[in-house]
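Colleague: got a predicted structure here, sequence first:
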Amino acid sequence: HARYLQGSLGYLPAGFISLDASRPWICYWVLHGLALLDSPLPAYISADQVTAFLSSCQHPSGGYGGGPGQMPHLAPTYAAVSALLTLGGKAAYKSINRAALWDFLCRMAIPPEQGGGFRMHEGGESDVRSCYTALAVASSLGLDMPTLSTKSGMVDYIRRCQTYEGGLGGEPGNEAHGGYTFCGLAALKLAGQPEVLDLPRLLHWAAQRQGWVEGGFNGRTNKLVDGCYSFWQGGVFPLLQQLLATGEQHRQQQQVPAVSRSSPTYPPLTPPSSWQQQEQQPQQQCSQEIVVPPLPDLSRVQGPQQQAQLDAERLNEVSDALTEAVLGSSAEASTLADAASSLDGNGGPGPRSAAAYRQLYLQKAQAAQQAAEYADEMAAIAAASAAVLYPCTSTAAASSGSRGDAAAAAAPAAPAAPAGCSSSGDDQDVTANPLFNTRALQCWILRACQQLKGGLRDKPGKSADYYHTCYCLSGLSMAQHIPGGGVVGAASNRLKQADPLVNIVVNKLQEATAYFSSLQ
């Protein structure tokens with residue numbers, strides 16, 4: 001993975017022209033991935049060269065554009081600042097024009113009377129991303145976050161983005177989404193006001209995003225899992241873990257009884273007079289006895305793993321049969337070719353038709369072999385799924401037949417991991433509740449998202465890219481370092497720890513914070 005990332009610094013193929021407005025993002029994805037792997041820059045690229053390129057993306061009026069000469073935008077501003085802090089060193093820190101950047105952030109703020117939040121760029125859209133990137137940059141550079149929060153009215157704006165499901169949409173009224181949920185919660189925590197959200201409901205929604213079979217996270221309800229949500233969804237849980245623990249401690253200190261926000265108390269309703277008249281009428285007796293039908297026979301119902309194995313066996317049998325037919329067709333084709341020599345040109349199959357006959361069998365055998373290989377792969381995935389490796393044994397979930405309570409469902413008790421996916425080298429507090437199945441998530445990333453040639457991907461069948469490599473590694477690091485987590489597999493799987501709010505490796509962020517604090 002380190003070689004894959006190192007090879008991206010410098011010149012990229014022409015196909016990357018579509019990311020011309022995201023060049024600081026490529027720098028961040030690569031540098032952050034290398035930092036998590038604790039790997040150096042390639043020998044042919046120096047930190048000064050990267051700093052010089054990112055400086056060329058800095059706009060004179062403040063902020064960074066997606067490339068040299070482009071307009072300033074909050075998204076590449078976050079990426080450029082995070083990349084420079086990850087590089088580290090006074091040269092990288094001094095290259096940031098903090099005064100101009102502060103002016104840019106203030107210009108992007110939308111006054112509360114106009115709806116609140118931030119614009120992504122001059123005249124641009126406003127959503128939860130802009131709130132997060134603005135606050136994350138201000139926090140990393142030691143700028144005045146309280147003033148920025150008040151000036152933008154972002155707290156109320158983000159509060160209005162929480163949906164009935166519990167997660168947050170990009171704008172008020174939008175569908176709950178994993179990336180926006182992380183951005184909104186992290187921005188509110190940076191602003192010091194996360195309590196404006198319904199945190200128990202948010203936890204319930206986030207816990208349901210972890211796939212029961214795969215172990216990874218999806219971004220929205222009824223969507224497929226995606227490796228990048230290992231961070232965008234998984235990164236919500238360290239923040240919720242801290243917030244819920246702090247709230248419980250405060251409640252105990254104040255001796256305030258716990259109140260469930262998900263079960264409000266309403267005044268009793270008075271039924272209509274028409275209902276009361278119906279109740280006074282004599283009830284009619286049912287003339288027929290209610291018969292409850294017996295349950296259907298479920299003995300033959302196959303689970304996903306058993307069904308995948310049956311499909312693989314069936315397709316392998318078809319492949320073997322066609323392979324034997326191909327071998328037999330060679331002799332048959334020779335016989336047809338010999339017979340064709342005794343026939344005239346108008347009466348027999350001839351040598352060409354015999355060859356075509358043999359080629360037809362070869363094509364069928366090849367297609368059957370590919371189908372059988374695919375079925376074998378699906379059976380292997382089913383056998384290695386999170387449901388098989390780490391079955392949920394939570395009492396609440398087992399008794400209700402569903403995922404039940406959010407905390408119970410999100411942190412099921414898992415048995416000892418099988419060979420090749422065992423926990424080791426864990427110095428975390430194993431008694432803490434990480435609120436989700438950290439071991440299943442790690443197993444999904446390690447088994448399904450890695451490519452042998454290097455890099456990580458969305459899911460099996462997809463190609464690796466720098467974005468998914470960065471956020472799969474970020475999610476893996478988060479699952480390892482969250483209290484109650486731990487490392488799945490060999491101790492060499494352990495990554496460096498990233499700050500859960502701004503996703504910069506902790507020691508890199510600490511060095512930058514110390515430098516900018518000394519300037520004040």
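Modeller: That came through fine. Bear in mind that the values here come from a model prediction, so they are computed numbers and not experimental data. Numbers count the residues shown, from 1 in each chain.
Colleague: contacts, neighbours, all on C-alpha from now
Modeller: Fine.
Colleague: pull the number of nearby residues for the spatially closest residue to A498 that is not a sequence neighbour.
Modeller: Counting by Cα to Cα, 6 or more residues apart in numbering, V505 is the residue found nearest to A498 once chain neighbours are left out, at 3.9 Å. Neighbour count of V505, defined by other Cα atoms under 10 Å: 24.
Colleague: residues touching V505, list them.
Modeller: Residues in contact with V505 (Cα atoms under 8 Å, 6 or more residues apart in numbering) are H32, A35, L36, T86, K496, Q497, A498, D499.
Colleague: which of those residues sits closest to G63?
Modeller: T86 (17.7 Å; Cα to Cα).
Colleague: can you tell me which residues contact the closest one?
Modeller: Contacts of T86 (Cα under 8 Å, 6+ apart): L31, H32, A35, I504, V505, K508, L509.
Colleague: which of the contacts of V505 has the most neighbours?
Modeller: Counting by other Cα under 10 Å, top hit in the contacts of V505: H32 with 27 neighbours.
Colleague: quick one: it from K508, how far?
Modeller: 10 Å (Cα to Cα, to the nearest Å).
Colleague: for R159, same thing?
Modeller: 31 Å.
Colleague: mind checking which of the contacts of T86 are in helices?
Modeller: In this view, those that belong to helices under DSSP state H are L31, H32, A35, K508, L509.
Colleague: now tabulate those in TSV and tack on distance to H121.
Modeller: Listed next are the ones in helices among the contacts of T86 as TSV, based on distance: Cα to Cα, whole Å:
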residue	distance to H121
L31	25
H32	25
A35	29
K508	28
L509	26
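Colleague: among those residues, which one sits closest to T51?
Modeller: Once Cα to Cα is applied, the member of the ones in helices among the contacts of T86 that ends up nearest T51 is L31, at 11.8 Å.
Colleague: check that closest one and give its pLDDT.
Modeller: We have a pLDDT of 98 for L31.
Colleague: I figured it hits L85, correct?
Modeller: No. Using Cα atoms under 8 Å, L31 is not in contact with L85, being 9.9 Å away.
Colleague: surely I110 and R119 touch.
Modeller: Yes. Counting by Cα under 8 Å, I110 sits close enough to R119 to count as a contact (7.0 Å).
Colleague: which one of these two has more residues nearby?
Modeller: R119 (24 against 18).
Colleague: got the contact list for the closest residue to the more buried one other than its chain neighbours?
Modeller: Ranked by Cα to Cα, 6+ apart and with sequence neighbours excluded, the top spatial neighbour of R119 is S126, at 4.5 Å. Applying Cα under 8 Å, 6+ apart to S126 gives the contacts G117, F118, R119, M120, E171.
Colleague: mind putting those in TSV, secondary structure and pLDDT included?
Modeller: Shown next, in TSV, are the contacts of S126 (DSSP: H, G, I helix; E, B strand; the rest coil; pLDDT from 0 to 100):
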residue	secondary structure	pLDDT
G117	coil	97
F118	strand	98
R119	strand	97
M120	coil	97
E171	coil	96
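Colleague: didn't T133 look like it was pressed against A80?
Modeller: No. Using Cα under 8 Å as the test, T133 is too far from A80 to be in contact (11.1 Å).
Colleague: can you pull out the helices in the stretch 101-250 of the chain?
Modeller: 128-140, 145-152, 154-159, 178-191, 199-208, 229-232, 236-254 (DSSP state H, counting those that start in this stretch).
Colleague: looking at these, which is nearest to R23?
Modeller: For the helices of the stretch 101-250 of the chain, the distance to R23 is smallest for helix 128-140, at 16.6 Å, taking Cα to Cα.
Colleague: who does that closest one touch, helix- and strand-wise?
Modeller: Under the contact definition 3 or more Cα pairs under 8 Å, 6 or more residues apart in numbering; DSSP states H and E, helix 128-140 sits against helix 74-87, helix 145-152, helix 178-191, helix 506-518.
Colleague: quick check: end-to-end length of stretch 212-219?
Modeller: Terminal residues of stretch 212-219 are spaced 14 Å apart (Cα to Cα).
Colleague: what mean pLDDT does it get?
Modeller: Over the span of stretch 212-219, the pLDDT mean works out to 92.
Colleague: re earlier: of the contacts of T86, which is the nearest to L74?
Modeller: Closest to L74 out of the contacts of T86 is I504 (17.2 Å), distances taken as Cα to Cα.
Colleague: next up, the contacts around the spatially closest residue to the closest one that is not a sequence neighbour.
Modeller: Excluding its sequence neighbours, the residue lying closest to I504 (Cα to Cα, 6+ apart) is A498, at 5.2 Å. A498 makes contacts with L36, S474, S477, M478, I504, V505, V506, as judged by Cα under 8 Å, 6+ apart.
Colleague: among these, which one lies nearest to V196?
Modeller: V196 lies nearest to M478 out of these, by Cα to Cα, at 24.9 Å.
Colleague: just checking, the closest one touches K496?
Modeller: No. In this structure M478 lies outside contact range of K496 using Cα under 8 Å: 9.4 Å.
Colleague: center of the chain - which residue?
Modeller: The centroid of the chain falls nearest to Y229 when counting by Cα atoms, centre = their mean (0.7 Å).
Colleague: what pLDDT does the model give that residue?
Modeller: On the pLDDT scale, Y229 is placed at 97.
Colleague: tell me the contacts of it?
Modeller: Listed by Cα under 8 Å, 6+ apart, the contact set of Y229 reads G178, G179, G216, F217, N218, G219, Y471, C472, G475.
Colleague: now L168
Modeller: L168 touches C161, Q162, N174, E175, A176, H177, G178, Y180, T181, G184, counting by Cα under 8 Å, 6+ apart.
Colleague: check the gap between it and T181 for me.
Modeller: Distance from L168 to T181, by Cα to Cα: 5 Å.
Colleague: ok, T150 next?
Modeller: As defined by Cα to Cα, T150 lies at a distance of 21 Å from T181.
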